[in-house]
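Peer 1: Quick one: sequence plus predicted model below, questions after.
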Amino acid sequence: MLDVTKKPAPAPASIPFDADRLDRLMDEAGIDVLCASSKHNVQYLLGGHRAFFFESMDAMGLSRYLPVLVYPKGNKQKAGYFGHRMESYQKENEPFWVGEAQTDSSGSVDTITKAIDHMRRAGMKTAKIGAELSFLPVDAGNALRKAFSDSEIVDAVFVLERLRAVKSAQELRQLRIASEGVIDSMLAVIAKHGPGASKRELTEALRREETSRGLTFDYCLITAGTSLNRAPSEQKWEKGDILSLDSGGNYHGYIGDLCRMAIQGEPDAELEDLLGEIEDIQRAGMMPIRAGAMGSVIYGAAEPLVQKSKHHNHLHFLAWSFRWRRRCSTPDAGSSSSRTPWWSPRRASTFMGKVGVAGIAAALRSADSDPQAGRELAGRLRHPVTQLREPPSHGRLGQPPSDAQCKQGNDADPDHQHNQCNGIVIEPVPTQYAHDACLTQQPTLPFLFRP
């Protein structure tokens, strides 16, 4: 008879996030208990746990997979996690930090019911319940409302976003791995493919390259030639054409989202000059960036140069701040700001750098306001490409402003509260956003430039 040997249970993990900060954020929002139900935020709150059985699809029989983590403000010892029975194996190997961990549920209603029972047994205050409303199925949401009919149920996504805005060293490491994996994959695809490769072929090649580097391929927005269509197709990348690869690769829940571009051939002097002008404008916009600055200072530095450009009718400048969320690129804090040489494997040239800077193809087209004019101008360029340059090195910029300082900045424009963040995106598109958003930084200031 087979004897099953039980290994000693590993010790539960410590709390993997700043619980005191979460308590403060919940208190500011008036939330008594938090119910997280998105896979990415549950993973964050549990310190990395993600149900591998439901990595690709949540559908299950007549219901769906739903993870639920309950966290009462100021009572972390009463926190609980409720998941599917297939998660029991993972819990056995790496116990969760929460005091109550039930991995014996099936569908969404079953899971939320167990969470509700725990909230009642633990005697949690439930006057205001914060839930991730965008990630809570209707049946589970109805069960929660019915169980706490006298409670106010509000959206807790903003609280969780503010909590996650501050990245740990481990998170930054994961972002760097994801970002560098995407970059290396793109350069490998460009090096291995020449004229005649289709957009679909290039996309599948990128999928294989990212997967071989331990990433989960998320998507590839791809353009070739003068077409602005970014979906994979049978269109060929021919001699003299540009290629734009904009892809996201997921590494343990953190996405490196970057763009690299190449050309079949060599760039001419006109293209070099145009790309240089775009870079000058972007670098001018970077100069006033500092922790606590308002977004308007960026426009004050960049817009005068836009207006002076002979291409101003087709040039658009947009800056907005963003939190470190799932889609970020992490530059080297000590990277050089010097120009780097052209890289030309098989006559395919791309401008290299840690982070992409959107160039002529994106900058000179008026995709929203005047698409035809943008295409005509791009067509007059022999090589209408986007050039990638490395941004200035900012390294570590000191301490970020307090929550109160950021709130004061965001109060100037309530519609843009979501722009409280750690980095900045500068992109040439027609509409301005986050003009008065409060810029914050911790612990490094990333730049992400996208066409």
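Peer 2: Thanks, I have it.
Peer 1: Name the residues that touch stretch 206-214?
Peer 2: Contact with stretch 206-214 is made by 177, 181-182, 184-186, 188-189, 216-217, 220, 245, 247, 249, 251, as judged by C-beta atoms under 8 Å, 6 or more residues apart in numbering. Bear in mind the C-beta positions are built from the backbone N, C-alpha and C, glycine included.
Peer 1: In strands only, show me those.
Peer 2: Cross-referencing the contacts of stretch 206-214 against strands under DSSP state E gives 216-217, 220, 245, 247, 249, 251.
Peer 1: With distance to Arg50, neighbour count and pLDDT added, can I get the residues you listed in a markdown table?
Peer 2: Listed next are the ones in strands among the contacts of stretch 206-214 as a markdown table, based on distance: C-beta to C-beta, whole Å; neighbours: other C-beta atoms under 10 Å; pLDDT from 0 to 100:
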| residue | distance to Arg50 | neighbour count | pLDDT |
| --- | --- | --- | --- |
| Thr216 | 11 | 17 | 96 |
| Phe217 | 17 | 19 | 97 |
| Cys220 | 23 | 26 | 97 |
| Leu245 | 27 | 26 | 96 |
| Ser247 | 21 | 27 | 97 |
| Gly249 | 16 | 32 | 96 |
| Tyr251 | 12 | 22 | 96 |
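Peer 1: what's the closest of those to Ile112?
Peer 2: Of all these, Ile112 sits closest to Thr216, with 27.6 Å by C-beta to C-beta.
Peer 1: where's the closest one relative to His49, distance?
Peer 2: Note on Thr216: its distance to His49, by C-beta to C-beta, to the nearest Å, is 16 Å.
Peer 1: before we move on, what about Asp18?
Peer 2: Applying C-beta to C-beta, the value for Asp18 to His49 is 18 Å.
Peer 1: of those two, who's got more company?
Peer 2: His49 (25 against 13; other C-beta atoms under 10 Å).
Peer 1: quick one: the more buried one and Arg121, what's the gap?
Peer 2: 23 Å.
Peer 1: and the end-to-end length of stretch 43-60?
Peer 2: 20 Å (C-alpha to C-alpha, to the nearest Å).
Peer 1: ok, back up a step: which one of the contacts of stretch 206-214 sits closest to Asp150?
Peer 2: Thr216 (42.6 Å).
Peer 1: Strands of the stretch 151-300 of the chain, residue ranges please.
Peer 2: Using DSSP state E, counting those that start in this stretch, the strands of the stretch 151-300 of the chain run over 152-155, 197-198, 216-224, 236-237, 242-251, 254-264.
Peer 1: can you put the ones you listed in JSON lines and add distance to Leu34?
Peer 2: Output for the strands of the stretch 151-300 of the chain, formatted as JSON lines (distance: least, C-beta to C-beta, whole Å):
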{"stretch": "strand 152-155", "distance to Leu34": "10"}
{"stretch": "strand 197-198", "distance to Leu34": "47"}
{"stretch": "strand 216-224", "distance to Leu34": "27"}
{"stretch": "strand 236-237", "distance to Leu34": "48"}
{"stretch": "strand 242-251", "distance to Leu34": "25"}
{"stretch": "strand 254-264", "distance to Leu34": "22"}
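Peer 1: Can you flag the weakest of those strands by average pLDDT?
Peer 2: Mean pLDDT per stretch puts strand 254-264 lowest among those, at a mean of 91.
Peer 1: quick check: angle from it to strand 242-251?
Peer 2: For strand 254-264 against strand 242-251, the angle by axes from the mean of the first three to the mean of the last three C-alpha atoms, to 10 degrees is 160 degrees.
Peer 1: Using CSV, list the CA coordinates for strand 254-264.
Peer 2: Extracted C-alpha coordinates of strand 254-264, given in CSV (Å, rounded to 0.1, in the frame of the first residue of the first chain):
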residue,chain,number,x,y,z
TYR,A,254,4.5,43.1,-14.4
ILE,A,255,4.5,44.2,-18.0
GLY,A,256,7.3,45.7,-20.0
ASP,A,257,5.6,47.9,-22.6
LEU,A,258,8.0,49.3,-25.1
CYS,A,259,8.4,50.3,-28.8
ARG,A,260,11.3,49.7,-31.1
MET,A,261,11.5,50.7,-34.8
ALA,A,262,13.6,49.8,-37.7
ILE,A,263,14.1,50.6,-41.4
GLN,A,264,15.1,48.4,-44.3
